[in-house]
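# Sequence and predicted structure below; questions after.
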Amino acid sequence: MAVWQVGYVGSEGRKLSIMLNSIKHWLLQPSSRTMGGVNQLNSIGTSNYNALQSTLRLRAWHGLGAQFAYTWAHALDEITAYRGALPFDSTNIKLDYGNGDFDTRHNLSATLTWDIPGSSHGPRFLTHGWKVKQSHDLPRRTAPRRSAHRL
């Protein structure tokens, strides 16, 4: 027997922490030209994630079972995680909106399982309930980060 499942997963992040360079706003003021830099932590970042997930499970047949899963996903944000990085232009952080650092578009995995038949020789806890399992994930590539200032 086979079971096929398809699902959608989505998430949205608002008010994410972003470090901005506040000195750019004051560049025209003579008193600020002596400062080396003023960074300001703001909660104005955004992110979103959308994924289509599909799984095919094949029930055990003569001790063999399998599962295949495929996910198409896309993550977009201004900054994936707070790491002290400054945006290209602190007056317009939307210029940094693009593929997230962990954006993985395609993910395919397969798992095969074999339930080893039990034996009548020896203790039951040693001769029954054993499985061999093989899992494989196809190499996945992370999409390059793109934003308006890097085109």
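Everything's here; your move. The model shown is predicted, which means the values in this text are computed figures rather than measured ones.
# ok now the lowest-mean-pLDDT helix or strand in the chain, how far from the chain's centre?
For the chain, using mean pLDDT, DSSP states H and E, the weakest element among its helices and strands is helix 124-127, scoring a mean of 80. Here the centre of helix 124-127 is set off from its chain's centre by 41 Å, with Cα atoms, centre = their mean, to the nearest Å.
# how about the longest strand along the chain: buried residues?
Ranked by residue count and defined by DSSP state E, the top strand of the chain is strand 39-61. Neighbour counts over strand 39-61 (16 or more other Cβ atoms under 10 Å) mark 45-47, 49, 51, 58 as buried. Bear in mind the C-beta positions are built from the backbone N, C-alpha and C, glycine included.
# avg pLDDT for that strand?
Averaging pLDDT along strand 39-61 gives 90.
# Show me what that strand pairs with in its sheet, parallel or antiparallel.
As defined by DSSP bridges, the strand partners of strand 39-61 come to strand 2-21 (antiparallel), strand 64-77 (antiparallel).
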